[in-house]
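Q: no sequence on this one, just coordinates:
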């Protein structure tokens, strides 16, 4: 039986493992830390703006297990906040065990606390991964879902130092890229000022540390918007964010809080002393990153060059997904690319033609558009998402944005991709 090894258990890696398993492969998922979902442990937003379209496309293509799980674990549905409509938020405190159980039900073997430190290859073909302790793991094809943060030194070089974030290194060891270990030169995204990388776009506050009024409002409505006094308005920090869909003036002059189990603070960092000067936040405490008063995680420093099928260029049997595959933002975007990478990994072993999602649906147009944009220096300074910024505007201009489920599913069927991820290929 052909063996697919997925490295990295974030949303993209989980989706790739799921897709490869549904296609008929034996799947091994390796995760450096003790938990799956990666930044999904502190994210929580989906179905906002064009992400609704992309989620429904994935469901129509037979890859909807993860979105169905998000929907089932949602704290709020159909909420609006600045720049975003019909959003859902899943509960970050309970999501991971649910996803893990789904993967295990598909027969996927999951190894946590397993850090890949090197690869062995013959020519352009990887045959073995080396993990901590020198143990060898062999496979027929591999998927790199290790993200784009790169080495720990990047947080100091391109950010404000270690923010003690959800990546939890060095506790679980330094971050390692399979693509880089295979001697493929990676790409680096840029901030709006031309410097490399981007800072994660939000923080988590302990909801119990907020005033009863704010906590009750979050539980009831899912969102709270707190006007900032002029002295605390921070428009200059918006360009540092990975999530450029939030680079709106509303996020400079207000604090926007979303209920994801914790209180999601829609800013990359905010000095604790200033935060506690705002009525209702006098006892506020950061959940993640713990150094949220000064910084956050840094991303987009190790992107794999790849085709629209998500095969890594320069290697025969390595695919990639999530941020590793493009300068993309969001869980939905990670899942969409993971589903494609996992399916194509199986197709590789069967000498089948790789899938490229058609540009007549948003998911296919997104992948093709982002890869084309990334060929230019200007394109490397933009972050791409279904939920805002450049790509959401493109979605609307091309009439690819819809919240009509029947319309979205019909479009997938017309493209010939209905239930394509449900088919066993082996």
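A: Arrived safely. This structure is a prediction, so every number in the text was calculated from the model and none was measured. Numbers count the residues shown, from 1 in each chain.
Q: Could you check how far the lowest-mean-pLDDT helix or strand in the chain is from the centre of its chain?
A: Least confident helix or strand, the chain: helix 249-253 with a mean of 86, by mean pLDDT, DSSP states H and E. Relative to the chain's own centre, helix 249-253 is displaced by 24 Å; criterion: C-alpha atoms, centre = their mean, to the nearest Å.
Q: Next secondary structure after it?
A: For helix 249-253, the following helix or strand on the C-terminal side (DSSP states H and E) is strand 254-259.
Q: Find me the pLDDT at residue 237, would you?
A: Per-residue confidence (pLDDT) for residue 237: 53.
Q: For residue 212, see how far away the closest residue to residue 209 other than its chain neighbours is.
A: Among residues not flanking residue 209 along the chain, residue 285 sits closest, at 4.3 Å (C-beta to C-beta, 6 or more residues apart in numbering). Yep, even glycine has a C-beta here, placed from its N, CA and C like the rest. Distance of residue 285 to residue 212, given as C-beta to C-beta, to the nearest Å: 16 Å.
Q: which one of the two has more residues nearby?
A: Per other C-beta atoms under 10 Å, whichever of residue 285 and residue 212 has more neighbours is residue 285, with 17 against 9.
Q: phi, psi of that one?
A: Per-residue torsions, residue 285: phi -140, psi 140 (degrees, to the nearest 10).
Q: hang on, isn't it packed against residue 203?
A: No: taking contacts as C-beta atoms under 8 Å, residue 285 lies outside contact range of residue 203: 10.8 Å.
Q: tell me which residues in stretch 270-278 are buried?
A: Residues of stretch 270-278 classed as buried: 270, 272, 275, 278 (neighbour count, 16 or more other C-beta atoms under 10 Å).
Q: if we look at stretch 410-425, which residues are touching it?
A: For stretch 410-425, the external contacting residues (C-beta atoms under 8 Å, 6 or more residues apart in numbering) are 19, 22-24, 57-58, 60-63, 339, 343, 346-347, 350, 352, 355, 357-358, 360-361, 364, 402, 409.
Q: next one: stretch 217-225
A: 75-76, 79-82, 89, 207, 210, 214, 250, 254-259, 263.
Q: let's see it at 10 Å
A: Around stretch 217-225, the neighbours that count as contacts under C-beta atoms under 10 Å, 6 or more residues apart in numbering are 74-82, 84, 87-89, 205, 207, 210-211, 213-216, 250-251, 253-260, 262-264, 266, 280.
Q: buried sites along it?
A: Applying 16+ other C-beta under 10 Å to stretch 217-225 flags 217, 218, 222, 223, 224 as buried.
Q: And stretch 310-322, by the same measure?
A: For stretch 310-322, using 16+ other C-beta under 10 Å, the buried residues are 310, 311, 312, 315, 317, 318, 319, 320, 321, 322.
Q: Likewise for stretch 198-205?
A: For stretch 198-205, the buried set under the neighbour-count rule, 16+ other C-beta under 10 Å, comprises 198, 199, 200, 201, 202, 203, 204, 205.
Q: That stretch spans what distance, first to last residue?
A: 21 Å (C-alpha to C-alpha, to the nearest Å).
Q: quick check, distance from it to the centre of its chain.
A: Relative to the chain's own centre, stretch 198-205 is displaced by 13 Å; criterion: C-alpha atoms, centre = their mean.
Q: chain center to stretch 69-88, what's the gap?
A: With C-alpha atoms, centre = their mean, you get 17 Å for stretch 69-88.
Q: Let me know the average pLDDT across that stretch.
A: Throughout stretch 69-88, pLDDT has a mean value of 97.
Q: What's the end-to-end length of it?
A: Note: stretch 69-88 ends 12 Å apart using C-alpha to C-alpha.
Q: how about that stretch: buried residues?
A: Those would be 69-71, 73-76, 79, 81, 83-84, 87-88, for stretch 69-88 by 16+ other C-beta under 10 Å.
Q: Now, the residues you listed that are in helices?
A: 69, 70, 71 (DSSP state H).
Q: looking at this, residue 52 is in a strand?
A: No: Residue 52: not assigned to a strand; according to DSSP: H, G, I helix; E, B strand; the rest coil it is helix.
Q: Which per-residue confidence value corresponds to it?
A: pLDDT, residue 52: 98.
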